[in-house]
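In: show me how the following folds:
(chains A and B)
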Amino acid sequence: MKMTPKLATLLVLGALVLLAPFLFPSNFYYRVGSLIFVNAIAVTGIVILTGYAGQISLGHAGFAGIGAYACALAPAHFGIHPALAVVLGAAISGLLAWLVGRPILRLKGYYLGVATLGLGILISMMLNNERQLTRGPDGIDVPELGMRALLKGWGLDLTNGQFWYYFCGLCMILGAWLALNLHDSPSGRALRALHGSEIAARTVGVDVARMKLQAFVISAVYASVSGSLLALQNKFITPDVAGFMHSIEMVTMAVLGGVGSVLGAIFGAAILTLLPQVLTIFAEYEQLVLGLVMMLVMIFLREGLLPSILRKLRRKGE
Amino acid sequence: MKNTMTTTALALLVALGAAPAAMAEIRIGASISATGPAAFLGDPEAKTLELLVEELNARGGIDGEKVKLVLYDDGGDPNKARTFATRLIEDDEVVAIIGGTTTGASMSILAVAEDAEVPFISLAGAIEIIKPVRPFVFKTPHTDRMACQKIFEDMQKRGFTKIGMISGTDGFGASMQAQCKDVVEDYGIEIVADETYNPTDADMTAQLTKIRNASGVQAVLNPGFGQGPSIVTRNYRQLAIDLPLYQSHGVASNGFIELAGAPAAEGVRLPGTALLVADLLAEDDPQRGIVVAYRDAFEEKTKTPVGTFGGYAHDAFLILTDAISRAGSAEPDDIRDAIEATSGLAGTTGIYSFSAEDHLGLDLSAFRMLEIRNGAWTLVD
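Out: Numbering: from 1, shown residues only, chains lettered A, B, ... in the order given. The predicted structure is shown next:
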């Protein structure tokens, strides 16, 4: 089998997920790991939208909110199993992205960013204000997924932290695999073509509006699944998940690590999830450090951390 | 020079972090929203805990054992609060947790604490935290429901039967609005006007005019938090509404009088804690000693006026250290049992007596009906 970049990426991810626990000083790190994976899934969606298609969204946390609240509300109101609620949330997010994306993706420039910003804030406001349904800003309980008990029945007894670590890790690798497949498919090539030049892409027959819409819908589904996984592992969710800062965080993670590469974006997610844990002693300066890191990356490593570092290494090797 | 200082500081940090845990010290964890939207609650809470630990260790700790506080700032994000709770239990191996400034953060932490069987004392208001009773979860602030009851009791005494309500749509305001509507009938009072405002609104005259025009309204209640109630109070005076105005315990601090302005705040009543009227308490009041001591120490160290919220953290720490001392052990199970056996412990918020059915431990007597007169808090009853 030839070692393609796709296979290499998946192997690196798989090895990291499996080997990292050997270095964990305590069970707490399983929790950090699973948070990294949950963020990485959302950020992989951003790679498809921003890295492949060159569109910007500042409202993806809204879709994460839909995914999260689907897991809380669907089982409570319709008696749907939480696992199916994840699918339902993804379907609603995808549909909403399709409906909203149709008109705004025909626009050029910053309109998409502004429109998605509004969409995200609307969803967040709805979750906050529709108290009868969502129980408002105080948050709502999310039922147990039940998969841990199932695994236990098969003789695999994991602690809560371990289960979510491996489960989210698996989901992240699956998500990365799909995104990498898309990259090399005709659709992926069309997306990258319109990223380079919309006019050129249209000239060679790419349906620009449709391709953009496709990327937007796919990335919304990624964000939704990430929100669902967060809700299910926390077993409690508040509207903060759909907050504006969460949207910004997703984009920042992708840009920091390298928005053009799946592995880079996941690397960005890992750094920005770990940083607040490392910086607890300097909690007051956390935002400051984040801003500084971001600025330095934008000035000196424009493609993002990982691609820039890899390029430097490669050049040295030559 | 700067370099050597940084190096020394780093070396010191590393040394501190690597210090062997074998030293006989009791590790207490805290996850508090010292920054973010709930910082006005969390900041005094964090400062209070630091102050109390310092004081306690200066006195020799609990029965000779020093206390170490591991404090994290969750920024009001429930997801972060859950992560820090996990870290406190798994990594820092604390024997108990204080924190959860907001209801969302508390609900996140309590799930982790319950799973790991580590006692958790919450600093948030909602009744869901202790109802149903969870074995390892306690809380120090009175509930919104109790504030409603205290206010309606006072209204009943003054013979009011028809009132108007104007509530914020933030977590605090909305939750209290619901609780008040739930208990209002017990006091023979009818809500004839029910208005809301967004926490970021800059003017509430429209809603207040509607309330004023409601037929037979005798008093107005404003459940809310932050700047909203100050604006309501100012608008209330601008409209020259001549009805008694009640605020909630959410604005029981000197900051409220400053923000609303003393002339506008004149005559406003609200249920508050002994902390705001420390000097007015009777000499034989069981809370007087502790309230005055905490206020003086806090104001001395932080140079800012003491508030109800720091008091919640004070009481949580008091309950916890008292329980550890009585249990004579720093095992989470023993601490839990000792907390539940707490009886007649005077804190700044009230006098705590826990039981297997009651993990709040306060009754209505913990609230004092306060009135603002000449820009200062006075006791009504």
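In: phi, psi of B:Glu65?
Out: Taking degrees, to the nearest 10, you get phi -100, psi 130 for the backbone angles of B:Glu65.
In: actually A:Gly79, not the one I wrote
Out: Torsion angles, degrees, to the nearest 10, at A:Gly79: phi 70, psi 20.
In: also B:His142?
Out: The phi/psi pair for B:His142 (degrees, to the nearest 10) is phi -60, psi 160.
In: how far away is it from chain A?
Out: B:His142 sits 17 Å away from chain A, going by CB to the nearest CB, to the nearest Å. Glycine gets a C-beta too; all of them are placed from N, C-alpha and C.
In: check B:Asp115 too.
Out: B:Asp115 sits 7 Å away from chain A, going by CB to the nearest CB.
In: got the confidence number for that residue?
Out: At B:Asp115, the model reports a pLDDT of 86.
In: and the stretch 1-150 of chain B, which of its residues are near chain A?
Out: Proximity of the stretch 1-150 of chain B to chain A, by CB under 8 Å from any CB of the partner chain, involves residues B:13, B:34-35, B:72-73, B:76-80, B:82-83, B:86-87, B:89-91, B:103-104, B:107-108, B:111, B:115, B:126, B:128.
In: how about B:Ser175, nearest residue that isn't a chain neighbour?
Out: The shortest distance from B:Ser175 to any residue other than its chain neighbours is 5.5 Å, reached at B:Asp144 (CB to CB, 6 or more residues apart in numbering or on different chains).
In: next: A:Leu84.
Out: Of all residues not flanking A:Leu84 in the chain, A:Ala74 sits nearest, at 7.5 Å (CB to CB, 6+ apart).
In: is it true that the one you found touches A:Val87?
Out: No - the pair A:Ala74 / A:Val87 is not scored as a contact, 9.7 Å apart, by CB atoms under 8 Å.
In: in terms of neighbours, single out the busier of the two.
Out: More neighbours surround A:Ala74 than the other of A:Ala74 and A:Val87, with 21 against 18 (other CB atoms under 10 Å in any protein chain shown).
In: what's the neighbour count on residue 38?
Out: In the absence of a named chain, this looks at chain A. Using other CB under 10 Å, A:Val38 is surrounded by 28 other residues.
In: sorry, I should have been clearer: chain B.
Out: Counted with other CB under 10 Å, the neighbours of B:Ala38 add up to 26.
In: please apply the same query to B:Gly261.
Out: B:Gly261 has 14 neighbouring residues, counting by other CB under 10 Å.
In: ok, it - contacts?
Out: Contacts of B:Gly261 were listed using CB atoms under 8 Å, 6 or more residues apart in numbering or on different chains, and they are B:Arg234.
In: hmm, try it at 10 Å
Out: B:Ser230, B:Thr233, B:Arg234, B:Arg237, B:Gly375 (CB atoms under 10 Å, 6 or more residues apart in numbering or on different chains).
In: same deal with B:Val118?
Out: Contacts for B:Val118 (CB under 10 Å, 6+ apart) come out as B:29, B:85, B:88-89, B:93-97, B:109, B:112, B:136, B:332-333, B:335-336.
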